[in-house]
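Enquirer: I would like the atomic coordinates for the input below:
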Amino acid sequence: MSGSNDDWKRGARPLDGAGLTKGVAARPSASKMSEIRENYATFVVEHHEDQTFFVRRADVSHRMRKELGSGSVRIDAQLDLHGCSRQEAATNVIAFVRQARSRGYRTLLLIHGKGLHAEDGVGVLGHVVVDVLTRGPTAPWLLAVSTAHPRWGGTGALVVKLARER
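Expert: Model (predicted):
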């Protein structure tokens, strides 16, 4: 190859800085903000043969499942929903998550029970809680939710990870 090592520079011009503001990040466009909001409401659901599951926001790594299910993560606050109706559980979860977030708590334990004392023996509050977390007013704050480690209630409880408050 002939020529000097500076051949690549021929015809190159330095940036003039037009349209750039030093030290200030560009604000995302309205369409980009809409896309970001939609992503926060999009969750990936993993069901496992052992009746456990893991729900994560689409932009959160699947590795968080191991962290939340390990039983070694520090729980900042917990809520026991035993004895609540579906509506009471939904209302209590929303209020609890709002309060926890306002205090800077990020890892929560929601105890919903296994339905052992229900008339039909099937627990319904777990599904209500997941629905409220992923579709309700708290959805933008949710990073992930996982079946709890057996020492915290297993399939009768959920570990919730919230995003940092901005």
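
Enquirer: On the C-terminal side of the longest helix along the chain, identify the next helix or strand.
Expert: Counting residues, the longest helix in the chain under DSSP state H turns out to be helix 86-102. Later in the chain than helix 86-102, the nearest helix or strand by DSSP states H and E is strand 107-111.

Enquirer: And that next one, what does it pack against?
Expert: strand 77-80, helix 86-102, strand 157-162 (3 or more CB pairs under 8 Å, 6 or more residues apart in numbering; DSSP states H and E). Using the backbone N, CA and C atoms, a C-beta is placed for each residue, glycine as well.

Enquirer: May I see the buried residues of the first one?
Expert: It refers to strand 77-80. Judged by neighbour count using 16 or more other CB atoms under 10 Å, the buried positions of strand 77-80 are 77, 78, 79.

Enquirer: Can you say which of the helices and strands packed on strand 107-111 is nearest to residue 43?
Expert: strand 157-162 (12.5 Å; CB to CB).

Enquirer: and that closest one, which strands flank it?
Expert: Under the criterion DSSP bridges, strand 157-162 sits next to strand 107-111 (antiparallel), strand 142-147 (antiparallel) in its sheet.
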